[in-house]
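1. Okay, here's the prediction I keep looking at, along with the sequence it came from:
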Amino acid sequence: MTDAFLALVNPAAGGGRCRKLVGPALERLRAGGVKVDVAETDRAGAATELARSAFAAGYRKFIAVGGDGTSFEVVNGLFAPEPAERPTLAFLPLGTGNSFLRDFSDKGVEHGIESILAGRTRPCDVLRLKHREGVLYYINLLSVGFSADVATLRARRFSRWGEMGYQTSIFICLARFRRRPFPLRVDGETNIDDRRCLFLTFSNSKYTGGTMMIAPNADVNDGLIEYVRWGPIGRVGLIRNLSTLYDGTHINHPLAERRAAKRIDFNLDGPVDCMVDGEVLTLHCESLDVLPSALNVVV
């Protein structure tokens with residue numbers, strides 16, 4: 001067993017920004033007396049493999065250095081298989097962003113460094129999604145519908161376009177504007193909810209996309225899934241209300257609903273596009289539940 005942090009670094013995060021900034025950030029930690037070992041990723045999925053191997057080798061404290069995707073991979077490395085001991089995860093958001101950390105500060109990497117140096121930790125729930133081909137874990141958000149459609153289109157067709165790619169994807173999805181059901185049952189209720197909707201989100205923390213407060217009532221340590229549903233709003237209505245997604249007031253819209261749940265059971269006909277902690281995946285979702293206080297986060 002070691003008391004050192006293992007920093008899992010995605011040097012390509014943020015278009016290569018992480019590679020330039022990681023050295024000075026790690027030196028600040030070491031200068032403050034923090035023991036840090038380093039492992040770099042070289043491909044998608046590498047952080048998951050490295051975290052899993054390091055945990056088996058005796059590491060219990062980790063730093064995700066990159067963006068949301070890096071944190072997602074590290075969490076899945078630590079929880080598949082689910083550990084007998086609670087691991088600790090810190091963040092140096094040197095990629096495009098870290099939506100999870102935004103719940104605690106808008107200072108990004110500075111807050112991450114300060115938290116590690118101060119040794120500030122708190123317990124955090126981990127959400128567990130069982131799907132037709134396996135299990136995955138996340139600490140931020142799972143989304144289906146319009147938001148996932150935009151993220152999927154951007155990732156598959158416009159990933160090299162930067163902000164223009166994001167705006168183009170929104171425009172195309174507005175033109176298509178699919179409002180459809182994602183049948184599910186909440187907390188074992190008798191009835192299946194198969195109403196059409198614009199999107200559904202299942203959150204552990206408040207923010208997504210860096211600054212969108214999609215789940216303003218979420219608490220990372222309440223043992224619950226914050227479930228937000230926006231019904232079949234029209235194009236004009238969505239455009240008029242886009243700003244409310246950034247301050248959390250969208251949940252006050254007449255077509256919006258939110259509730260805290262312990263379990264979601266999906267009744268989908270097949271796979272759907274999902275956005276999970278910034279990653280775009282196509283999954284046949286089956287159930288979602290919570291591992292209460294399963295992770296220590298340094299925030």
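-> Cool, the structure landed. No experiment lies behind these values; they were computed from the predicted model shown.

2. For burial, what's the neighbour tally of the closest residue to A64 other than its chain neighbours?
-> Spatial nearest neighbour of A64, chain neighbours left out: S71 (4.2 Å); criterion: C-beta to C-beta, 6 or more residues apart in numbering. C-beta here means a position set from N, CA and C on the backbone, and glycine is covered the same way. Look at S71: counted by other C-beta atoms under 10 Å, it has 31 neighbours.

3. Look up how far N98 lies from H111.
-> The gap separating H111 from N98 is 10 Å, by C-beta to C-beta, to the nearest Å.

4. which of those two has more neighbours?
-> Using other C-beta under 10 Å as the criterion, H111 and N98 rank with N98 on top: 27 against 19.

5. Please list all residues in contact with that one.
-> The contact partners of N98, by C-beta atoms under 8 Å, 6 or more residues apart in numbering, come to A64, G67, D68, S71, F91, G108, G112, G210.

6. Strands - which of those residues land there?
-> Mapping the contacts of N98 onto strands (DSSP state E) picks out A64, F91.

7. Of the contacts of N98, just the buried ones, PyMOL syntax please.
-> In PyMOL, this line selects whichever of the contacts of N98 come out buried by 16 or more other C-beta atoms under 10 Å:
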select buried, resi 64+67+68+71+91+108+112+210
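
8. CSV for the contacts of N98, including distance to A46?
-> Below are the contacts of N98 laid out as CSV (distance: C-beta to C-beta, whole Å):
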residue, distance to A46
A64, 13
G67, 14
D68, 16
S71, 14
F91, 18
G108, 23
G112, 21
G210, 24
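
9. Surely S203 touches L141?
-> Yes: between S203 and L141 there is a contact at 4.6 Å, judged by C-beta atoms under 8 Å.

10. low pLDDT regions in the stretch 51-200 of the chain?
-> Applying pLDDT under 70 to the stretch 51-200 of the chain picks out residues 97, 162-163.

11. what about 80?
-> 95-98, 159-160, 162-163, 166 (pLDDT under 80).

12. In it, mark out all the strands, start to finish.
-> 61-66, 88-93, 121-131, 134-138, 141-145, 180-181, 184-186, 196-197, 199-203 (DSSP state E, counting those that start in this stretch).

13. Compare those strands and report which one is nearest to V297.
-> strand 121-131 (4.4 Å; C-beta to C-beta).

14. Please write out the alpha-carbon positions of that closest one in CSV.
-> Taking Å, rounded to 0.1, in the frame of the first residue of the first chain, the C-alpha atoms of strand 121-131 are listed here in CSV:
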residue,chain,number,x,y,z
THR,A,121,-12.2,15.4,1.1
ARG,A,122,-15.8,14.4,1.3
PRO,A,123,-17.8,11.3,0.5
CYS,A,124,-19.5,11.1,-2.9
ASP,A,125,-22.1,8.7,-4.4
VAL,A,126,-21.3,6.8,-7.5
LEU,A,127,-24.1,6.0,-10.0
ARG,A,128,-24.2,2.6,-11.5
LEU,A,129,-25.8,2.0,-14.9
LYS,A,130,-26.4,-1.6,-16.0
HIS,A,131,-26.9,-2.0,-19.7
